[in-house]
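Peer 1: Requesting a structural model of the entry that follows:
(2 chains)
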Amino acid sequence: MVLNFTNARKFCTKSSLLKNAVQLTKDKFPNLIRGSYATVDSKDIDYFNKLLGANNFITGEEVKSYNEDWLKSVSGFSKFVLKPKTTEQVSEILKYCYKHNIAICVQGGNTGLVGGSVPVFDEVILSTSAMNNIISFDKLSGVLVCQAGCVLENLMNYVQNEGFIMPFDLGAKGTCQIGGNLATNAGGLRLIKYGSLQGSVLGLQSVLADGQILNCLNTLRKDNTGYHLKHMFIGSEGTLGVITKVAIQCPNTPKYVNVAFIGLKSFNKVLSFFSLTRKQLSGSLSSFELMDSEAIKSVQTNIGLKCPIDDSFEFYVLLELSADNNFINLAIEELLEKALAEEIIVDATVADQPSQIQNLWKIRENIPESLLRNGYVYKYDITLPHEYFYEAVLEIRKRLDKLDVKAVCGYGHLGDGNLHLNVATTEYNEKITSAIEPYIYEWTSKYKGSISAEHGIGLLKSKYLNYSKSNLEVELMKKLKNTIDPKKILNPYKIFPQDK
Amino acid sequence: MARVLVGVKRVIDYAVKIRVKPDKSGVVTDGVKHGLNPFDEIAIEEAVRMKEKKIASEVIAVSCGLQQAQESLRTALAMGVDRGIHVEVPQAQYDTLQPLHVSKILAKVAQDEKVDVIIVGKQAIDDDSNQTAQMTAALLQWPQATFASEVKVEGNEVVVKREIDGGLETIKVKLPAVISADLRLNEPRYATLPNIMKAKKKPIKKITPSDLGVDVSPRMQIVNVEDPPTRQAGSVVPDVDSLLAKLKEKGHI
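Peer 2: As a prediction, this is how the structure comes out:
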């Protein structure tokens, strides 16, 4: 059997191999050293089994999908997944692990893009998936209280029936969980209108490393009493505590939504169009998404979606307006006609029907998936001042000119200055990584950008944290971490650069 | 060159959740997003392509319904249709307007406009009747080619591939003819801004059924409209044996 297996491997092409098997993180980054944590033994297994029951304590083959990230770029080799249903169970688990020095990797929908949601070595995976109850919804205030494992799309559908929407939206909505969204301070598609999650989250409940339950589950809009501890957990990437419950402020569903899909000839025109849109319609602007021709080409060839307008433009913009008054129907046409007359844009199509709006959004939302179909994607999620926004893509394209890449493309939330710079190849290649990193981070830092706009730091960007954070900031973060989790059992190896 | 007539119906958008009125007299349409019936969109696309291939000399779109039907006609014009005819039917009559009424209207317009081909969607996604093409053909005594997934005009004839159970059927009909569009006939285009602007200047003629000599007085009465029964929640069984036991218990096997 073993012989057959090795023979079979020989006949596999390298790329198909990579598509099937994800390289273990410990092999990909040999400099990483496992912390001196305990290894789970039979006594621990008995404990978890008794606490959670066989259905919520996962072992064996099924654990594999929890070990690998969505991008198939990293993989741990954990043998156990815990799926607690209640805050109390989470507390019991952490109390036990803290006492026995067992490292924990906290996981939500596992849609993260920086290797933050999967174990690095054999950390026990604590999945929030089974904590998926909606606790309450106040129709007057629009405050939703739910458990951390609720899938974003389910919450969207739930509040939609009550005439509300979630204050953020992202491509991974069908899988990602609200707890993970908070832990990574997810940004997404509507940030330009509703602001960052930090503004929408009214309260949260989390369990600290030693099992203590910290209840900041406030549902008040205004509450200036002491430190705002909840903010510490938003964007902490599971290193300070396990978020178990969330209270979030939902805005009312806008009565009217209009979407336009626009073709433009150059990036300067994109900026002119952005400025014109802001001038005329800033109050109702809910999305301003950029897609370059490479991104559109990728969606067309790899997913088979049709470009709604001519597919030969350099840039495309998806513009969404939302308001409680139907004036936007006329306003969007006026805006586009003006832009067309002034030769800022070349072509466009508009939609006000939900089905057409969904179809236009599908193009933007399918870009990451379409790139991944090439085999491997190097993802960079940076914030840049608008004037340097697209230059980053051109710089990287130049650097990769001689290397074997399928696509170097730029897309993202231009309205928020957030660029997704993606490089797609058939397989992982160390040379490509070193051609991009740390160059892209130095470049971003030089123009006072952020090396991680919305994806977080996780494992993959931890060694570059210093490009966006000063020494004092990192020191203070470490002090905080050590105070709350002195044994460092929560999401080890993440965020902080590993000291050799 | 042929003159083409397309039928256009304004329906509730398919991504909208349909709600029944509290008095059960129909579904809620006020404040609900409407749009072109998707099958009619395919019909329009096919007609416009005929014009682009110089097979058709003119494409006329006709819609029967409320004032708002003109929005759907405007979309058709933006997709490339030359002119529109709005046969206005007030709300009271529109609720009971049936495929036979629409067929009579289409047949009369086709004769008045001297068209050679009528293309309609195979059915509207609101009432799912799937009758208009067939009845229009019968009223005109023209041949019909329904559920078309490919249309080729060859001189005085049209070769149509039809979607039938288990495969495709190819038929040849003489013009003039009625064609109904199935899902795979084509992928309709999006109306682009320059064309939307041009469409604002294209003419829409407004007439009434009585102008055409068609009687649209109701032939039926809506007694009751109800939601379909809600799906019962499922349950997870631990293994095959208990699944079989459950199925037996419920009398399914």
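Peer 1: Find me the pLDDT at residue 18, would you?
Peer 2: Picked chain A for this. Looking at residue A:18, its pLDDT is 43.
Peer 1: Actually, chain B is the one I wanted.
Peer 2: Confidence at residue B:18, expressed as pLDDT, is 92.
Peer 1: nearest residue to it other than its sequence neighbours?
Peer 2: Spatially, and ignoring its direct neighbours in sequence, residue B:18 is nearest to residue B:27 (5.4 Å; CB to CB, 6 or more residues apart in numbering or on different chains). For every residue, glycine as well, the C-beta is placed using N, CA and C.
Peer 1: Which strand residues bridge the one you found?
Peer 2: Note on residue B:27: beta-bridge partners by DSSP bridges are residue B:20.
Peer 1: hang on, it packs against residue B:19?
Peer 2: Yes - with contact defined as CB atoms under 8 Å, residue B:27 counts as touching residue B:19 (6.5 Å).
Peer 1: For chain B, which segments count as helices?
Peer 2: Assigned by DSSP state H, chain B shows helices spanning B:38-52, B:69-79, B:91-94, B:99-112, B:132-140, B:193-199, B:240-249.
Peer 1: Report the buried residues of the longest one.
Peer 2: When you say that, I think you mean helix B:38-52. In terms of neighbour count (16 or more other CB atoms under 10 Å in any protein chain shown), helix B:38-52 has its buried residues at B:38-51.
Peer 1: How far does that helix sit from its chain's centre?
Peer 2: Remark: helix B:38-52 is offset 12 Å from the chain centroid, using CA atoms, centre = their mean, to the nearest Å.
Peer 1: Residues contacting it, please?
Peer 2: Helix B:38-52 is contacted from outside by B:2, B:4, B:6-9, B:14, B:36, B:56-59, B:61, B:76, B:79-82, B:117, B:119-125, B:148, B:151, B:153, B:179-183, B:185-189, using CB atoms under 8 Å, 6 or more residues apart in numbering or on different chains.
Peer 1: Dump that helix to CSV, restricted to CA.
Peer 2: Output in CSV follows, covering the C-alpha atoms of helix B:38-52 (Å, rounded to 0.1, in the frame of the first residue of the first chain):
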residue,chain,number,x,y,z
PRO,B,38,-37.0,36.9,-17.4
PHE,B,39,-38.4,34.8,-20.3
ASP,B,40,-39.6,37.9,-22.0
GLU,B,41,-36.1,39.3,-21.6
ILE,B,42,-34.8,36.3,-23.6
ALA,B,43,-37.5,37.0,-26.2
ILE,B,44,-36.4,40.6,-26.5
GLU,B,45,-32.7,39.6,-26.8
GLU,B,46,-33.5,37.2,-29.6
ALA,B,47,-35.5,39.8,-31.5
VAL,B,48,-32.8,42.4,-31.1
ARG,B,49,-30.1,40.0,-32.3
MET,B,50,-32.3,39.3,-35.4
LYS,B,51,-32.2,43.1,-36.0
GLU,B,52,-28.5,43.2,-35.5
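Peer 1: re the thing from before, for residue A:444, find the nearest of the helices of chain B.
Peer 2: Residue A:444 lies closest to helix B:193-199 among the helices of chain B, at 35.3 Å (CB to CB).
Peer 1: Do any residues in that closest one lie close to chain A?
Peer 2: Yes - on the criterion CB under 8 Å from any CB of the partner chain, helix B:193-199 is in touch with chain A at B:193, B:194, B:196, B:197.
Peer 1: Show residues contacting that helix.
Peer 2: Outside helix B:193-199, the residues that reach it (CB under 8 Å, 6+ apart) are A:333, A:336-337, A:340, A:347-350, B:74-75, B:77-80, B:191.
Peer 1: Going through the residues you listed, which ones are buried?
Peer 2: A:333, A:336-337, A:340, A:347-350, B:74-75, B:77-80, B:191.
Peer 1: thinking again about what came up before, save the helices of chain B as TSV, and put in mean pLDDT too.
Peer 2: Shown next, in TSV, are those (pLDDT from 0 to 100):
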stretch	mean pLDDT
helix B:38-52	98
helix B:69-79	96
helix B:91-94	91
helix B:99-112	97
helix B:132-140	98
helix B:193-199	94
helix B:240-249	91
